[in-house]
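Trainee: No letters, just coordinates:
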């Protein structure tokens, strides 16, 4: 289970219109997030659930959300 900071950032992402798809249990990534711009949108964002520093992963998620023009 990811850290609280990552889950909070994913909730923020979902409320901003991004589609968050939780990965199955057999991969290193916890989830993939897709921009609301669809095919013309930003590249998918890979979210890791157990990074060394959860705060950095949460900041990466929020930074991608801020940079997205859609």
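Mentor: All right, it came through fine. All values reported here derive from a predicted model rather than from experimental measurement.
Trainee: if I pick residue 33, what's in contact with it?
Mentor: Contacts here follow C-beta atoms under 8 Å, 6 or more residues apart in numbering; on that basis residue 33 touches 10, 13, 18-21, 44-45, 47, 61, 64. Where C-beta positions appear, they are placed from N, C-alpha and C, glycine not excepted.
Trainee: Wasn't it part of a helix?
Mentor: No - applying DSSP: H, G, I helix; E, B strand; the rest coil, one finds residue 33 to be strand, outside a helix.
Trainee: so what's it closest to, chain neighbours aside?
Mentor: Closest residue in space to residue 33, ignoring its immediate chain neighbours: residue 45 at 4.2 Å, by C-beta to C-beta, 6 or more residues apart in numbering.
Trainee: what's the answer for residue 35, then?
Mentor: In space, and not counting its chain neighbours, residue 35 is closest to residue 41: 3.2 Å by C-beta to C-beta, 6+ apart.
Trainee: what's the distance between that neighbour and residue 47?
Mentor: With the distance defined as C-beta to C-beta, to the nearest Å, residue 41 ends up 16 Å from residue 47.
Trainee: which of those two has more neighbours?
Mentor: residue 47 (25 against 15; other C-beta atoms under 10 Å).
Trainee: Can you classify that one as helix, strand or coil?
Mentor: Three-state call for residue 47 (three-state DSSP): strand.
Trainee: What residues are bridge-paired with residue 31?
Mentor: Residues in a beta bridge with residue 31, per DSSP bridges, are residue 22, residue 47.
Trainee: about what we covered before: let me see the contact set for the residue nearest to residue 35.
Mentor: If you count contacts by C-beta under 8 Å, 6+ apart, residue 41 has them with 34-35, 68, 70.
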